[in-house]
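Q: Give me a 3D structure for the following:
(one chain, ligands or ions: 1)
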Amino acid sequence: VPVEPFDIVVFGATGDLALRKLIPALFHRWCDGQITADSRIIAASREPMSDDAFRDIAARHIFERDPTDARRKAWSDFIERMHYVAVDVSAQGEDWADLKAALDPDEDKIRLYYLALPPSTYGQACAGLAAQSLNTPNARIVLEKPIGTDFHSARRINDQVGEVFRENNIFRIDHYLGKETVQNLLILRFANYLFEPIWNANGIDHVQITVAESLGAGERAGYYDRSGALRDMVQNHLLQLACLVAMEPPASLDPDSVRTEKLKVLKALRPITAANVSQDVVRGQYQAGAVGGSPVPGYAEEVGSDTGTETFVAIRAQLENWRWAGVPFYMRTGKRMGSRRSEIIVQFKPVPHDVVGAVDGVLHPNRLVIRLQPDEGVKLMLMTKDPGPGGLRLRYVPLNLSYAEHFEANYPDAYERLLMAVVRGNLSLFMRRDEVEAAWRWVDGIIRAWDEGQAKLYGYQAGTDGPTQAALLLAREDREWFDAI
Ligand code: BG6
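A: You can find the predicted model right below:
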C-alpha cells in the first residue's frame, strides 16, 4: 500500500549507511510502488557535487548487487526524484537555504530528516533545521544509533534534538527492531497461549542471545575503533532483543505501552560494576585467522594500531524482578566469528520427573530457538519417540517454522520497513528517549568498571566463537553456548 507523499533529506548521504542501506531501501520501496511519484529524496552531504555525480555513486552501490534491466528502468524513474544538496551541518551557512529550496514548499507535507551522521553533530543539524524553520508540523527526525557514547552525551543529544522536535516526531532507529523475526517475537509471545504461563523463572532455565558477524571492522574502522562492541551492539541491538524477550505483556501494541514495558526491563538489569565485571563480562579482540576458508588479518593489523578496542563481548546479565529471578541472560556479540548468525535461545527447565527412565541416557529440556538471520525461523526443540519397532528410543527434534519454506521469501529489509514506518508515524519500532538513556546507564557501569582497570582483553582467532573465557562464563554454571541447529 503506497504511503503518503513525503520528502526525505538523507544527511550523510555519501557515507556507508546511506549508500549501502538507506538509498537502496528507498529505491526498493519505490520499485514495489510504495513511494509515490510526488515524493522527493534529497541527499545531503558536505562536499559539493552535482545531482548526476551523486546519482552515479548511488547507482554503483545499487547495481553491484542487482544489475537487472528492470531495475535499471525503475532507477531512471527513481532518480528523477533524487537530488543532491551540499550542506555542512557543522556551520550555519547559506547552504541551509539551498536545502530549504530543494524541499517541497508545502509545509504540511510529511518530511523526514534522516541523520546518518556522527551523533555529536545531531544538535547542530537540528539547530540548522530550526534556523530555516524546517521543523514544520509534519516533520520527523530520524536518529541513527548510537545516540551518544554514554548516558551524559546521550542526554545532551536528546535535549538538543528535543529543543527542535517533539518526542513524538523523533524516531530513534535500532534497525534490529525492523527485522521480521524480531517483530514476530511479540506475536509469538503474546498471540499464543502456549508460552506465557511458563515464560518466567519457573519454566525457563536461561536465555542466550547471540549476534555473531563474520565481517571485520573493515571500512568503518574509524568509527568502530572509538566505539567497540559494547557501545556498537550491546547498548542497542542486544539489549533491545533482551527487552522483547523479558518484558511483561503490554496492554496493547501501541508504541507507548510497548516502550514502557521495555523500559522496565532495562531498569531491572542488575548493575555490573568493578566488583563483578571480570566475572560477568568477557572482552575480546580478533587476531589473524580464517573466515569461510579465507585468511583474514587481526583487528590491530586492520586498523593499523593496537588500540585495545573490543570486537567481542559476552555478558552474563541478570534481571532483578519476580519473573526473572535467578535466570541468567547470556549475551554475546562479535566480529570475525565463524559465521554470521543471530539468534535468541530460550532454554526451558528439565521435566521434574523422568518417567521414561532416560532410556538413551539423556532427556533434553525444551528449547525455543528464534533465528533472526541469516535463515529466519523459529524452532521448538522437543523430545520425541524415535519411530520404529525397536525399543523405546528418544530423539531431540525440532518443530520447525522455516520462513523460507512457509512464507514468500520476499520481505523487505529492516531499513525499508523502518523508513516506511517513519512516514506512517508509527513509533512502536523506535526507541523512546528514556529507553536509550536507561540502556546507557547500565552500559556505563561496565565501561566505568573497565576504565577502572578491569578491562582485560582476550584474543580470539578470527573464524572462531570468541575467546575461550566466553565459554567459561557458562561452563562455570554447568551450561554451554548452543551451536546453530
Ligand atoms: C550496526 C553496527 O548497528 O549493526 C555494525 O554498527 C553491525 O557494526 C551491524 O555490523 C549489524 O547489523 P546486521 O543487520 O547486519 O546484523
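Q: Just the buried residues of stretch 18-35, please?
A: Along stretch 18-35, these residues count as buried under the neighbour rule (16 or more other Cβ atoms under 10 Å): 18-19, 21-31, 34-35. For the C-beta atoms, the positions are set from N, CA and C on the backbone; glycine is no exception.
Q: Quick check, the residue in this structure closest to the ligand?
A: As assessed by Cβ to the nearest ligand atom, the ligand sits closest to residue 232 within the chain, at 4.7 Å.
Q: Render the CA-only coordinates of stretch 331-347 in PDB, please.
A: Only the C-alpha atoms of stretch 331-347 are listed here, as PDB (Å, rounded to 0.1, in the frame of the first residue of the first chain):
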ATOM      1  CA  MET A 331      24.500 -12.200  25.600                       C
ATOM      2  CA  ARG A 332      27.400 -12.300  23.100                       C
ATOM      3  CA  THR A 333      28.300 -10.500  20.000                       C
ATOM      4  CA  GLY A 334      31.500 -10.300  18.000                       C
ATOM      5  CA  LYS A 335      33.000  -9.500  14.700                       C
ATOM      6  CA  ARG A 336      35.000 -12.000  12.600                       C
ATOM      7  CA  MET A 337      33.300 -15.000  14.200                       C
ATOM      8  CA  GLY A 338      32.900 -18.300  12.400                       C
ATOM      9  CA  SER A 339      29.700 -17.300  10.600                       C
ATOM     10  CA  ARG A 340      27.000 -14.700  10.500                       C
ATOM     11  CA  ARG A 341      24.300 -15.900  12.900                       C
ATOM     12  CA  SER A 342      21.900 -14.100  15.100                       C
ATOM     13  CA  GLU A 343      19.600 -15.900  17.400                       C
ATOM     14  CA  ILE A 344      17.700 -15.900  20.600                       C
ATOM     15  CA  ILE A 345      17.600 -19.200  22.500                       C
ATOM     16  CA  VAL A 346      15.200 -19.800  25.400                       C
ATOM     17  CA  GLN A 347      16.200 -22.800  27.300                       C
END
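Q: What's the mean pLDDT across it?
A: Taken as a whole, stretch 331-347 has a mean pLDDT of 97.
Q: rewinding a little: can you tell me which residues contact the residue of the chain closest to the ligand?
A: If you count contacts by Cβ atoms under 8 Å, 6 or more residues apart in numbering, residue 232 has them with 146, 224.
Q: pretty sure residue 424 contacts residue 3?
A: Yes: contact status for residue 424 versus residue 3: in contact at 6.1 Å, counting by Cβ atoms under 8 Å.
Q: quick one, which of the two is more surrounded?
A: residue 3 (17 against 13; other Cβ atoms under 10 Å).
Q: and that one, that one's in a strand?
A: No: if the criterion is DSSP: H, G, I helix; E, B strand; the rest coil, then residue 3 is coil and not within a strand.
Q: Residue 423 is in contact with that one, correct?
A: Yes: checked against Cβ under 8 Å, the pair residue 3 and residue 423 is within contact range at 4.4 Å.
Q: what is in contact with those two at once?
A: With Cβ under 8 Å, 6+ apart, residue 3 and residue 423 have no common neighbours.
Q: Now the two most distant members of the buried residues of stretch 18-35.
A: 19 and 34 (20.7 Å; Cβ to Cβ).
Q: List the contacts of the residue nearest in space to the middle of the chain.
A: In the chain, the centroid-proximal residue (Cα atoms, centre = their mean) is residue 176; its distance is 3.1 Å. By Cβ under 8 Å, 6+ apart, residue 176 lies in contact with 182, 236, 237, 240, 241, 372, 414.
Q: rerun that using 10 Å as the cut-off
A: Counting by Cβ atoms under 10 Å, 6 or more residues apart in numbering, residue 176 touches 145, 182, 211, 233, 236-241, 244, 342, 372-373, 414, 429.
Q: These in strands, which ones?
A: 211, 342, 372, 373 (DSSP state E).
Q: can you tell me how far the first one sits from residue 333?
A: It refers to residue 211. Per Cβ to Cβ, to the nearest Å, residue 211 is found 4 Å from residue 333.
Q: likewise the last one?
A: As defined by Cβ to Cβ, residue 373 lies at a distance of 13 Å from residue 333.
Q: anything in contact with each of the two?
A: Taking Cβ under 10 Å, 6+ apart as the contact rule, the neighbours common to residue 373 and residue 333 are 211, 212, 342.
Q: The ligand contacts on the stretch 51-200 of the chain?
A: residue 175 (Cβ under 6 Å from any ligand atom).
Q: try 5 Å
A: The stretch 51-200 of the chain comes close to the ligand at no residue, as judged by Cβ under 5 Å from any ligand atom.
Q: would you list every one of the helices in the stretch 51-200 of the chain?
A: For the stretch 51-200 of the chain, the helices defined by DSSP state H, counting those that start in this stretch cover 51-63, 69-78, 95-102, 122-131, 151-164, 180-190.
Q: Extract the C-alpha trace of the third one and format it as CSV.
A: What follows is the C-alpha trace of helix 95-102 in CSV, where atoms were taken according to Å, rounded to 0.1, in the frame of the first residue of the first chain:
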residue,chain,number,x,y,z
ASP,A,95,23.7,26.0,2.3
TRP,A,96,20.8,25.5,4.7
ALA,A,97,18.8,27.9,2.5
ASP,A,98,19.7,25.7,-0.5
LEU,A,99,18.3,22.7,1.4
LYS,A,100,15.1,24.6,2.1
ALA,A,101,14.8,25.5,-1.6
ALA,A,102,15.1,21.8,-2.6
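Q: Just the buried residues of that helix, please?
A: 95, 96, 99, 102.
Q: List the contacts of the third one.
A: When you say that, I think you mean residue 99. 9, 11, 42, 44, 85-87, 89, 113, 128-129, 132, 134.
Q: What's the separation between residue 223 and residue 231?
A: 10 Å.
Q: oh, I was asking about residue 225
A: In terms of Cβ to Cβ, residue 225 sits 11 Å off from residue 231.
Q: neighbour count winner among these two?
A: Ranked by neighbour count (other Cβ under 10 Å), residue 225 and residue 231 place residue 231 first, with 23 against 18.
Q: ok, back up a step: who has more neighbours out of residue 373 and residue 333?
A: Shown here are residue 373 and residue 333; by other Cβ under 10 Å, residue 333 has more neighbours (24 against 17).
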